[in-house]
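Asker: what follows is a predicted structure for the sequence shown.
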Amino acid sequence: MGNSSDLLSIKNLSVSFGGLKALSNVYLDLHINEVVGLIGPNGAGKTTLFNALSGIVGVDSGELEINGKGHKWPKAHQLIDLGISRTLQGVGLFPELTVLENVMIGATKSAKSGLISSALGFNGRDEKRLREKAMTALERVYASGIADRRADSLPYPVTKRVAIARALVSEPKVLLLDEPAGGLGAQDIEWMNGLIHNLAASCSVILVEHHMDVVMSVCDRLYVLNFGEVISSGNVETVRNDPAVIAAYLGVNN
Amino acid sequence: MNQFITAVLTSLSSGAIYALMSLSLVLVWRSTRVVNFAQAGQAVLTTYIGYAVIQKTGSYWIALLVAVVSGAVIGAIIDRFFMRPIFKRITSGPIVMIAPVVATLGLLGIIQAIIGFVWGLTNQSIETPVSNAGLSLNGTVVAFSLYNALVLVIVTLVMVLLTLLFQKTNIGLALRASAYSPEIAKLSGIKVDAVRTLGWAIAGAASGLAGMLYIPNTYLYPNAMDVLLVFGFIAAVIGGLESMAGAVAGAMVLGFAINFSTSYISTKLVFPTAFVVLILVLLVKPSGLFAAKKGRSA
């Protein structure tokens, strides 16, 4: 369970939809520069945990600590203020905007100019700063060369990179990646592995992923969810050999 | 030749006013997925406020400013205290899409009834701030006045300002992001509810301006903006309902079609022309004329 040195700690998290218990007394700790994998069969509650942490679904009960300090569960628009950023399963780029604009959206929170100065065009310095931040984030995912392209003109694997750049632009301490390898071919998965490794140098990552080879190669520790409960946690070897996990999940694939 | 030039000029000036209304409808549609029938009520209410200011001060320009600002305030109030509670309470079922639209229809009735109580049902008029007499072209007086030219200039300036706001500023980016995907906008730290209210405020200001520019050419009464709502809506649909550039283009198409048909065929063809144009566009391009426009680049 969590201690004061954890970057992020979730305790006794319960979420329900109507009468259905989606998460029950879930716990999770994340240390600095660590990649933690969240795995489990379909419907186990992985994305619900992300949604609860990012304020998209309401929480029945549970405690959230960041840097050892208790926090209220954030609303979605407060997430960035807590140093947390996330990607969505469905990529979720704005099709009509350019790649640069899509990434800049992730940095709009740091804009300082108000409505009137913006409307009158007095936000040049702000614009320049956001643009530079967005370009830096695109460089981190090796996508700065496509900054001017419209998002709906990109091949799927590239949209995944842009979505990650948008999450990185706010310079998060915690990055929530929801199935970053989903829908990718072998070569792109290999590339994504390397990217997640690199990201962990500057932030901590919680990863929801179905590709077991990705999970096993990039994660320092794993939490396994089944029917909304944590059935196992620990390093990759411990989890891999846990009979409960083999029965619930890994056994199906291995 | 004069007839042609007159038709072109009047098309531009009436198209400009349709554009303000259609832009208001598109702004609200993009931010909340609601066709805001109350826009006509908001526009006429702000014009009555402008009318009251003229009675007090005698200045059209002060009245115009007050009407635009009160349009923004009324738009924001409607979203914050009327629409937002509806969205929060009705989250599922077949009524989700239709309830807010019906609510705006009800609001239109309420606003028009309040206007009737306060100002009465008789026609009022607002004097144009500059001459509304037809200009002289090659020695012939044409049906295009200095006032029509002024309308064109004001609307063009507003369009440029709005384009800059949406395409070149962070707030514009937040408005667009909230319209496309509220969930992602929220996760990016954008206060989507506040941004939506801002969208309603901008729409309210634009429709307030439309009212103050349109009414001097006609009379002011509680239903005075209903026709403009219909034309604004047709223009918005022609333009694809999603695109601001489309809303302006749709308004211009409509302005030209109506003015040319009434100028060359019959003055009775105003409404038939509007609906024929709408049907033709929907038959040829059901999603409307306009796709997206170019955004920021590196």
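Answerer: Arrived safely.
Asker: and the helices in the stretch 51-200 of chain B, which stretches?
Answerer: For the stretch 51-200 of chain B, applying DSSP state H, counting those that start in this stretch gives helices covering B:60-78, B:84-89, B:95-119, B:146-168, B:170-180, B:182-187, B:192-214.
Asker: so which elements touch the longest one?
Answerer: What that stands for is helix B:95-119. When contacts are defined as 3 or more CB pairs under 8 Å, 6 or more residues apart in numbering or on different chains; DSSP states H and E, helix B:95-119 sits against helix B:38-57, helix B:84-89. Bear in mind the C-beta positions are built from the backbone N, C-alpha and C, glycine included.
Asker: change it to 6 Å
Answerer: With contacts taken as 3 or more CB pairs under 6 Å, 6 or more residues apart in numbering or on different chains; DSSP states H and E, helix B:95-119 sits against helix B:38-57.
Asker: got the angle for the helix it packs on vs helix B:95-119?
Answerer: Between the direction of helix B:38-57 and that of helix B:95-119, the angle (axes from the mean of the first three to the mean of the last three CA atoms, to 10 degrees) works out to 20 degrees.
Asker: list the buried ones in helix B:38-57?
Answerer: Of the residues in helix B:38-57, those scored as buried under the neighbour-count criterion (16 or more other CB atoms under 10 Å in any protein chain shown) are B:38-54.
Asker: right, and the helices of the stretch 51-200 of chain B - which one's nearest residue A:78?
Answerer: helix B:182-187 (9.3 Å; CB to CB).
Asker: residues in contact with the closest one?
Answerer: A:76-77, A:86, A:92, B:177-178, B:192 (CB atoms under 6 Å, 6 or more residues apart in numbering or on different chains).
Asker: can you rerun that using 8 Å?
Answerer: Outside helix B:182-187, the residues that touch it by CB atoms under 8 Å, 6 or more residues apart in numbering or on different chains are A:54-56, A:75-77, A:79-80, A:85-86, A:88, A:92, A:94, A:105, B:174, B:177-178, B:192, B:195.
Asker: so which of the helices of the stretch 51-200 of chain B is the most surrounded?
Answerer: Counting by mean count of other CB atoms under 10 Å in any protein chain shown, helix B:192-214 has the highest mean neighbour count of the helices of the stretch 51-200 of chain B, with a mean of 26.
Asker: run the angle between that helix and helix B:170-180 for me.
Answerer: When the same axes, to 10 degrees is applied, the directions of helix B:192-214 and helix B:170-180 differ by 100 degrees.
Asker: which strands or helices does helix B:192-214 pack on?
Answerer: helix B:2-32, helix B:38-57, helix B:60-78, helix B:84-89, helix B:146-168, helix B:170-180, helix B:182-187, helix B:226-238.
Asker: how big is the angle separating that helix from helix B:226-238?
Answerer: Computed by the same axes, to 10 degrees, the angle between helix B:192-214 and helix B:226-238 is 120 degrees.
Asker: could I get helix B:192-214 in PDB with only the CA atoms?
Answerer: The C-alpha coordinates for helix B:192-214 follow below in PDB (Å, rounded to 0.1, in the frame of the first residue of the first chain):
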ATOM      1  CA  VAL B 192     -15.700  23.400 -21.200                       C
ATOM      2  CA  ASP B 193     -18.800  24.800 -19.500                       C
ATOM      3  CA  ALA B 194     -17.300  28.300 -19.300                       C
ATOM      4  CA  VAL B 195     -16.200  28.000 -22.900                       C
ATOM      5  CA  ARG B 196     -19.700  27.000 -24.000                       C
ATOM      6  CA  THR B 197     -21.100  30.000 -22.200                       C
ATOM      7  CA  LEU B 198     -18.600  32.200 -24.000                       C
ATOM      8  CA  GLY B 199     -19.900  30.600 -27.300                       C
ATOM      9  CA  TRP B 200     -23.500  31.500 -26.400                       C
ATOM     10  CA  ALA B 201     -22.300  35.100 -25.400                       C
ATOM     11  CA  ILE B 202     -20.600  35.600 -28.800                       C
ATOM     12  CA  ALA B 203     -23.600  34.200 -30.600                       C
ATOM     13  CA  GLY B 204     -25.900  36.600 -28.500                       C
ATOM     14  CA  ALA B 205     -23.700  39.600 -29.400                       C
ATOM     15  CA  ALA B 206     -23.700  38.700 -33.100                       C
ATOM     16  CA  SER B 207     -27.500  38.300 -33.200                       C
ATOM     17  CA  GLY B 208     -27.800  41.600 -31.200                       C
ATOM     18  CA  LEU B 209     -25.800  43.300 -33.900                       C
ATOM     19  CA  ALA B 210     -27.900  41.600 -36.600                       C
ATOM     20  CA  GLY B 211     -31.100  43.000 -35.000                       C
ATOM     21  CA  MET B 212     -29.700  46.600 -34.700                       C
ATOM     22  CA  LEU B 213     -28.500  46.500 -38.400                       C
ATOM     23  CA  TYR B 214     -31.600  44.800 -39.800                       C
END
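Asker: distance from it to the middle of the chain?
Answerer: How far helix B:192-214 lies from its chain's middle: 9 Å, per CA atoms, centre = their mean, to the nearest Å.
Asker: am I right that residue A:27 sits in a strand?
Answerer: Yes. Assigned with DSSP: H, G, I helix; E, B strand; the rest coil, residue A:27 falls within a strand.
Asker: test my guess that it contacts residue A:12.
Answerer: Yes. Applying CB atoms under 8 Å as the test, residue A:27 and residue A:12 come out as touching, 6.9 Å apart.
Asker: list the contacts for residue 60?
Answerer: Using chain A. Neighbour list for residue A:60: A:14-16 [criterion: CB under 8 Å, 6+ apart].
Asker: think we crossed wires, I meant chain B
Answerer: B:54, B:126-129.
Asker: at 6 Å instead, please
Answerer: So residue B:60 contacts residue B:129 (CB under 6 Å, 6+ apart).
Asker: need the helices for the stretch 51-200 of chain A, in chain order.
Answerer: For the stretch 51-200 of chain A, the helices defined by DSSP H, counting those that start in this stretch occupy A:99-105, A:115-119, A:124-140, A:156-168, A:186-199.
Asker: and chain B, which of those is closest to it?
Answerer: Across these, the minimum distance to chain B, taken as CB to the nearest CB, is reached by helix A:115-119, at 3.8 Å.
Asker: who's in contact with residue A:21?
Answerer: Contacts here follow CB under 6 Å, 6+ apart; on that basis residue A:21 touches residue A:228.
Asker: check which helix or strand covers it.
Answerer: Secondary structure here is read from DSSP states H and E; on that basis residue A:21 sits in strand A:20-30.
Asker: equivalent analysis for residue A:12, please.
Answerer: When secondary structure is defined by DSSP H and E, residue A:12 falls within strand A:8-17.
Asker: show me the contact partners of that strand.
Answerer: Residues outside strand A:8-17 that contact it (CB under 6 Å, 6+ apart) are A:2, A:22-30, A:48, A:52, A:59-66, A:174.
Asker: give me the buried subset of those residues.
Answerer: Applying 16+ other CB under 10 Å to those, the neighbour count classes A:2, A:22-24, A:26-30, A:48, A:52, A:59, A:62-66, A:174 as buried.
Asker: the helices of the stretch 51-200 of chain A: lowest mean pLDDT?
Answerer: Least confidently modelled of the helices of the stretch 51-200 of chain A is helix A:115-119, at a mean of 53 by mean pLDDT.
Asker: measure the closest residue to residue B:16 other than its chain neighbours to chain A for me?
Answerer: Spatially, and ignoring its direct neighbours in sequence, residue B:16 is nearest to residue B:155 (3.7 Å; CB to CB, 6 or more residues apart in numbering or on different chains). Between residue B:155 and chain A the computed distance is 17 Å (CB to the nearest CB, to the nearest Å).
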